[in-house]
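In: Pasted the sequence and its predicted model underneath.
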Amino acid sequence: MIASLAPLALTGNVVAAIPAPAWSGFDIGPLRVHAYALCILLGIVAAIWLTDRRWRKRGGPEGSIWDIAIWAIPFGIIGGRLYHVFSSPDAYFGPGFDGTGNLALIPQIWLGGLGIWGAVVLGVVGAWIGCRRANVKISAFIDAAAPGILLAQAIGRWGNYFNQELFGGPTTLPWGLSVSPEFVPVGFSPDTLFHPTFLYECLWNLAGVATLLLLDRKLKLRNGRLFLLYAMIYTAGRVWIEMLRIDTAEQITILGMTARLNVWTSILVFILALVLFLVIGRYRRGKSSDSVYLPGHGPAEEDALVGTSGSDAPTANAATDAPGVGPSAPTDAGTPAEAKKASEN
C-alpha cells in the first residue's frame, strides 16, 4: 500500500515518503466499491479469523463464532456510525445544529466516519445477544476477541488513507503524507506534507495485538480483563495520535483545558478500564474458571442432565414398584378382611 520511499529533494522541497493514493476504489457496472469499505471488510475478516482460532483454543463450541459475529458486526457498524455522527455533527445537522447539514449523508459510511467507541459499545451488546443464544460467557468471548478487534482497527485505519482524511498537522519528517490538492485544508500550501496519523495508529495497534497475545499467553487473563487491557492499550495511543489531527471535531473544555472530544473520551475510557481491571483482579482472584460456557450449559453438565433423565434412571415409584412391596403385591396377611380375622384369632 505504501509506495517506495523517496529521498528528500535537494531543492529544499520535501518529497512525500507516502504519496497520495492513486485510487479510492473501483466500479463493477453501476456499483462503486470503495477502498474504505474494503479496508473495513478486510479488518472484519482478519478479526474473525484470529478470534476463531483463539475461541476454539479456549474451548468455544464449534461454529459459535458465526452465531455471535452475526449479531456483533452489524451492531458495531451501527454504533460506530452513530458515534461519529453525533461527535462530528456539522456535516449532518449543520453548525450549531442549525439545520443546514445533509441528513442523507448519515447512512453513507463508505465516505468515512466510524467512531470506535460506539462500535465497541454496541458491538459488545450484539456479542452479548449472540453469546446468550450460544450459552457462552460474554466475558470469555470478549477476552478471546480483544486482539482480533485491535487487528481489525489496524487494518481499517488504512481506509482513512484512501479517503485522504483524518491526517495530522504539517511535518517535514521523511515519512510525511502527501494529499491531493482538493483534500488539502484551507490555509495550507498544496505541497504541504502531513503527519500520517492513520499509519501511526496502525503501527500502534499492531504492537498492541502482539502485546495482548504475549500477556494472555503468560498471564492467562480472564473475566474480561484482557478486553479491558485492550481498551487501555488503544486509548493510551489514541490520546497522542488524536492530538496530532487537524480535522474538524467537537472541542470540549474541562478544568480550563480544551481538547478534542475523542481525547477526553480516550482518557475517560482508559481510567474506567484501569479501575475495572484492578477491581476484577482483586475480587475474582482464585475464582476464575476456564470454562467458556454459562453455568449449567457445559458439555459435561448437559451430559449429566441427560444421564439423570434417561430411561435407566430410577423413578419416583421405584420403592413401591419393588417385588413384594407394591400395592398389588401379595402379603402374608392376605386381604384386609383376612388380616382382621387372623388378628381376632
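Out: Structure received.
In: Quick one: mean pLDDT over the host helix or strand of residue 210.
Out: Using DSSP states H and E, residue 210 sits within helix 197-219. Helix 197-219 carries an average pLDDT of 97.
In: same check, this time on stretch 270-280
Out: Here the average pLDDT along stretch 270-280 is 96.
In: Other residues contacting it?
Out: Around stretch 270-280, the neighbours that count as contacts under CB atoms under 8 Å, 6 or more residues apart in numbering are 223-225, 228-229, 231-232, 235-236, 239. Just so you know, the C-beta spots here come from the backbone N, C-alpha and C atoms, and that holds for glycine as well.
In: could you pull out the strands for the stretch 201-345 of the chain?
Out: 251-254, 257-260 (DSSP state E, counting those that start in this stretch).
In: Out of those, which is the most enclosed?
Out: A comparison of these by mean neighbour count, using mean count of other CB atoms under 10 Å, puts strand 257-260 on top with a mean of 14.
In: Can you check what pLDDT the model gives the nearest residue to residue 226 once chain neighbours are set aside?
Out: Sequence neighbours aside, residue 143 is the residue nearest to residue 226 in space, at 4.2 Å (criterion: CB to CB, 6 or more residues apart in numbering). We have a pLDDT of 96 for residue 143.
In: go on, the one 3 residues further on?
Out: You'll see residue 146 listed with a pLDDT of 97.
In: after the host helix or strand of it, next one along is what?
Out: If you go by DSSP H and E, residue 146 is part of helix 138-156. Where DSSP H and E defines the elements, the next helix or strand beyond helix 138-156 is helix 158-163.
In: what about that following helix, average pLDDT?
Out: In this model, helix 158-163 has a mean pLDDT of 94.
In: which helices and strands does it pack with?
Out: The helices and strands touching helix 158-163, judged by 3 or more CB pairs under 8 Å, 6 or more residues apart in numbering; DSSP states H and E, are helix 35-57, helix 197-219.
In: give me the element residue 27 is part of.
Out: Residue 27 is part of strand 25-28 when elements are defined by DSSP H and E.
In: can you give me how far that strand is from the chain middle?
Out: Centroid displacement of strand 25-28 relative to its chain, using CA atoms, centre = their mean, to the nearest Å, is 29 Å.
In: Report the buried residues of stretch 148-160.
Out: For stretch 148-160, the neighbour count (16 or more other CB atoms under 10 Å) marks 148-160 as buried.
In: residue ranges of the helices in the stretch 201-345 of the chain, please?
Out: Using DSSP state H, counting those that start in this stretch, the helices found in the stretch 201-345 of the chain span residues 225-242, 261-283, 299-308, 336-344.
In: buried ones in the longest one?
Out: Which is helix 261-283. So helix 261-283, judged by 16+ other CB under 10 Å, has buried residues 261-267, 269-270, 273, 276-277, 280.
In: right, and out of those, which lies closest to residue 198?
Out: residue 262 (14.6 Å; CB to CB).
In: and that closest one, what is it in contact with?
Out: Counted by CB under 8 Å, 6+ apart, residue 262 has contacts 87, 115, 238, 242, 249.
In: let's see 10 Å
Out: Applying CB atoms under 10 Å, 6 or more residues apart in numbering to residue 262 gives the contacts 83, 87-88, 115-117, 235, 238-239, 241-243, 245, 249-250, 252.
In: Can you select the buried ones from those residues in PyMOL?
Out: The buried residues among the contacts of residue 262 can be selected in PyMOL (16+ other CB under 10 Å) with this line:
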select buried, resi 83+87+88+115+116+117+235+238+239+241+242+245+249
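In: still on that earlier bit, now the helices and strands packed on helix 158-163 in CSV, with mean neighbour count?
Out: Below are the helices and strands packed on helix 158-163 laid out as CSV (neighbours: other CB atoms under 10 Å):
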stretch, mean neighbour count
helix 35-57, 18
helix 197-219, 17
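In: okay if I get those helices as TSV plus distance to residue 124?
Out: Compiled in TSV, the helices and strands packed on helix 158-163 are given as follows (distance: least, CB to CB, whole Å):
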stretch	distance to residue 124
helix 35-57	13
helix 197-219	17
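In: do you know which of those lies nearest residue 166?
Out: Residue 166 sits nearest to helix 197-219 of all these, at 6.3 Å, using CB to CB.
In: Which strands or helices does that closest one pack on?
Out: helix 35-57, helix 138-156, helix 158-163, helix 225-242 (3 or more CB pairs under 10 Å, 6 or more residues apart in numbering; DSSP states H and E).
In: Now render the ones you listed as CSV, adding distance to residue 126.
Out: CSV is the format used below for the helices and strands packed on helix 197-219 (distance: least, CB to CB, whole Å):
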stretch, distance to residue 126
helix 35-57, 13
helix 138-156, 11
helix 158-163, 21
helix 225-242, 15
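In: Out of those, flag the one nearest residue 72.
Out: It is, among those and with distance given as CB to CB, helix 138-156, at 8.2 Å.
In: which ones are touching the closest residue to residue 203 other than its chain neighbours?
Out: Once flanking residues are discounted, residue 203 sits nearest to residue 154: 7.9 Å by CB to CB, 6+ apart. With contacts defined as CB under 10 Å, 6+ apart, the neighbours of residue 154 are 43, 46, 198, 201-209.
In: 7 Å instead?
Out: Shown in contact with residue 154 (CB atoms under 7 Å, 6 or more residues apart in numbering): 202, 205-206, 209.
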